[in-house]
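Trainee: sequence first, then the predicted structure, then my questions.
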Amino acid sequence: MPSPGRFNVLVADFLDETLVEVPILDDVATLSLGRAMNETELVPLLPQADAIILFHDIPRFSETSFEVAERCRCIVRAGVGFNNVDLDAATRHGVQICNVPDYGTEEVADHAIMFLLALARRMLPCHDAIRGGLWNYTTALGTPRLRGKTLGLIGCGRIGAATALRAKAFGLNVVFYDPHLPEGVDKALGIHRAHRLEELLEQSDFVSLHCYLDESTHHIINPATIARMRAGSILVNTARGGCVDVAALLDGLESGRIGFAGLDVVEVEPLDDARLRNHPRVLLSPHSAFYSVEGFVELRSKAAKEVRRVLLGESPRNPVNRPGPRQD
Ligand SMILES: NC(=O)C1=CN([C@@H]2O[C@H](COP(=O)(O)OP(=O)(O)OC[C@H]3O[C@@H](n4cnc5c(N)ncnc54)[C@H](OP(=O)(O)O)[C@@H]3O)[C@@H](O)[C@H]2O)C=CC1
Ligand SMILES: O=C(O)C(=O)CO
């Protein structure tokens, strides 16, 4: 039972008890571990919580949860994306939502480049052939030289920019599409701006997604946009599964418009689509692009510090909404 006078912080969905010790909060709050994997499991845990840390981007946190979480002052998404939280409902209920935007920027950029290198260097067919008993460089036929090829970035915020810097070291030309980004980022990074998505797709040998998921980016990779890609393109997605229409991706792989795909994220996680899981030209990782030992320490500490700030009445460092007083 939480002690009186202390705040109750619910770590809603964390599964590994050994990793949840957060000394930063020890003097002000009592932590409890929810292990909720969906909203039905989450709701009964909410009434006592003054603050909530969400480690994953499931379970969903909808109007129903906000109605029940009557004491809740803030939710910190221990991560970048917060697609699972209904921001309008949070704002209506006076709940401050924050994220931790920078703990894994370099890791995700490294991961995107890892996909690009592995796929361009034909690691999938080579690895499969060796396991099948064939040791011959001809399984790598078609491997392109990277220098001089074009990488198109959809979204050029923190991770997109970090990916651009890495790609330049391999001699790639980098072009990005990011409609609201202020002028000048292209010059600061030494890359090129495409003013239309089609322009980027037509120029790129490789396309990597680095936007967040919202209405404008949901299925931004779809039959029409795939039709604009170069034949044999490599597609990398470390952003959010919902940015890619899976049926269109499978058709694109079938037609050869997409040569290879590297996916860290899929629309339904864990992945339950055998067509993707077993595809010989799809390289998969289990939404692990963000992870490194050091990044995870940084993530846990920044999430706890943000909760502490809000509970003690200080300004949050990374607010993603501006809640007024509760309206219910
Ligand atoms: N796989 C993993 O483990 C991880 C995945 N991620 C995902 O990566 C995403 C990007 O992270 P990060 O770089 O830190 O976020 P940022 O917010 O820094 O960058 C996202 C960029 O996408 C831009 N954007 C918005 N709408 C569009 C659009 N329609 N077309 C093209 N670009 C658009 C944004 O522009 P503007 O801000 O001007 O609207 C912004 O510049 C996260 O939102 C998250 O979903 C993040 C961490 C780990
Ligand atoms: O930080 C994020 O948004 C991730 O995808 C990893 O949780």
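Mentor: Received the coordinates, thanks. Residues are numbered from 1 along each chain as shown. Ligands and ions are numbered 1, 2, ... in the order given.
Trainee: which helices and strands does the longest helix seen in the chain pack with?
Mentor: Taking DSSP state H as the criterion, the chain has its longest helix at helix 293-311. The contact analysis (3 or more CB pairs under 8 Å, 6 or more residues apart in numbering; DSSP states H and E) places helix 293-311 against strand 7-11, strand 29-33, strand 51-54, strand 74-77, strand 96-99. (C-beta placed from N, C-alpha, C; glycine too.)
Trainee: what segments of this structure are helices?
Mentor: Going by DSSP H, the chain shows helices at 39-42, 63-68, 87-92, 105-120, 123-131, 158-169, 185-189, 197-203, 223-227, 246-255, 274-277, 293-311.
Trainee: in JSON lines: those, plus mean neighbour count.
Mentor: As requested, those are exported to JSON lines (neighbours: other CB atoms under 10 Å):
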{"stretch": "helix 39-42", "mean neighbour count": "16"}
{"stretch": "helix 63-68", "mean neighbour count": "18"}
{"stretch": "helix 87-92", "mean neighbour count": "16"}
{"stretch": "helix 105-120", "mean neighbour count": "21"}
{"stretch": "helix 123-131", "mean neighbour count": "15"}
{"stretch": "helix 158-169", "mean neighbour count": "21"}
{"stretch": "helix 185-189", "mean neighbour count": "14"}
{"stretch": "helix 197-203", "mean neighbour count": "18"}
{"stretch": "helix 223-227", "mean neighbour count": "16"}
{"stretch": "helix 246-255", "mean neighbour count": "17"}
{"stretch": "helix 274-277", "mean neighbour count": "12"}
{"stretch": "helix 293-311", "mean neighbour count": "19"}
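Trainee: still on that earlier bit, closest one to residue 201 among the helices and strands packed on helix 293-311?
Mentor: The closest of those to residue 201 is strand 96-99. By CB to CB, the value is 29.3 Å.
Trainee: can you list contacts of the closest one?
Mentor: Taking CB atoms under 8 Å, 6 or more residues apart in numbering as the criterion, the residues outside strand 96-99 that touch it are 73-77, 79-82, 85, 87, 90, 306, 310, 316-321, 323.
Trainee: residue 164 against residue 186, yeah?
Mentor: No - using CB atoms under 8 Å, residue 164 is not in contact with residue 186, being 9.6 Å away.
Trainee: mutual contacts of those two, please.
Mentor: Counting by CB under 8 Å, 6+ apart, the residues touching both residue 164 and residue 186 are residue 176.
Trainee: re the thing from before, where among the helices and strands packed on helix 293-311 is average confidence lowest?
Mentor: Comparing mean pLDDT across the helices and strands packed on helix 293-311, the lowest value falls on strand 29-33: a mean of 92.
Trainee: which residues of the protein lie near ligand 2?
Mentor: Residues of the chain lying close to ligand 2 by CB under 6 Å from any ligand atom are 57, 79-81, 104, 290.
Trainee: so residue 220 touches residue 200, yeah?
Mentor: No - using CB under 8 Å as the test, residue 220 is too far from residue 200 to be in contact (10.9 Å).
Trainee: which neighbours do the two have in common?
Mentor: Jointly contacting residue 220 and residue 200 under the rule CB under 8 Å, 6+ apart are residue 154.
Trainee: so which of the helices of the chain is nearest residue 149?
Mentor: Between residue 149 and these, the shortest gap by CB to CB is with helix 105-120, which sits at 8.1 Å.
Trainee: does the closest one reach ligand 1?
Mentor: Yes - for helix 105-120 and ligand 1, the contact criterion (CB under 6 Å from any ligand atom) is met by 105, 108.
Trainee: over in the stretch 51-200 of the chain, which residue gets nearest ligand 2? Let me know.
Mentor: For the stretch 51-200 of the chain, the residue positioned closest to ligand 2 under CB to the nearest ligand atom is residue 79, at a distance of 2.8 Å.
Trainee: nothing else from me, thank you.
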